[in-house]
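# take this sequence and fold it.
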Amino acid sequence: MKAEKTLLIDDLLKRVNASPFLLVVDYTGLTVDKFAELRKRLSAVSAEIHVFKNNLVRKAAEKAGYPGELGDHLSGQSAFVTGVKEIFATAKILKNFAAEFEKPVMKVGVLDGKLLDVATIKALADLPSREILYSQLLGVLQAPGSALARALKAKAEKDGAPADAPAA
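Residues are numbered from 1 along each chain as shown. Predicted coordinates:
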């Protein structure tokens with residue numbers, strides 16, 4: 001039995017180390033069909049949900065160097081969500097799924113070795129994806145340039161020179 005536990009801890013440790021985040025949810029009352037649906041939605045953003053005994057997670061988290069306070073939140077029926085991409089999309093799926101089915105209930109999370117409370121995880125879920133943030137930033141950076149070009153064109157037209165005419 002001890003060898004089996006060691007294998008499970010090693011498997012969990014491998015998942016935790018490969019993921020930039022760990023989210024812990026209480027899945028009490030979630031039917032098998034709904035759990036399968038949640039798995040499917042999470043896989044769309046390269047995230048996985050697994051159920052391990054809380055004790056095994058405590059040991060794996062300790063080996064991974066996670067904050068000790070994580071163990072305080074490991075009670076009851078806990079499922080563990082990891083992923084290979086950003087936390088935003090995963091948190092958004094969990095938040096939306098919980099709003100739709102009232103389960104699972106978010107417990108705690110870890111991001112870059114720091115403990116996250118439920119409010120922080122929900123705030124992360126409300127943030128746009130990295131790609132959208134980049135495009136918004138690019139739009140902000142391009143806005144002054146395009147505004148300047150429009151102002152120069154308007155000035156040139158006002159002075160009577162056609163906007164496309166070369167300067168003398």
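
# which residue packs closest to the spatially most central residue of the chain, ignoring adjacent ones?
The residue at the geometric middle of the chain, judged as the C-alpha nearest the mean C-alpha position with Cα atoms, centre = their mean, is I87 (1.5 Å). Distance criterion Cβ to Cβ, 6 or more residues apart in numbering; nearest residue to I87, sequence neighbours excluded, is F21 at 4.4 Å. For glycine as for every other residue, the C-beta is placed from the backbone atoms N, C-alpha and C.

# list the residues that contact F35.
Residues counted as contacts of F35 (Cβ atoms under 8 Å, 6 or more residues apart in numbering) are Y27, I49.

# need the pLDDT of it.
We have a pLDDT of 95 for F35.

# SS state for V108?
For V108, the secondary structure call by DSSP: H, G, I helix; E, B strand; the rest coil comes out as strand.

# who does it bridge with?
Judged by DSSP bridges, the bridge partners of V108 are V24.

# hmm, I121 is touching A91, no?
Yes - distance between I121 and A91: 5.3 Å, which falls inside the contact criterion (Cβ atoms under 8 Å).

# now the common contact residues for the two.
With Cβ under 8 Å, 6+ apart, I121 and A91 have common neighbours L23, G109.

# neighbour count: the two, which is higher?
A91 (28 against 23; other Cβ atoms under 10 Å).

# mind checking which helix or strand that one is in?
Secondary-structure assignment from DSSP states H and E places A91 in helix 87-101.
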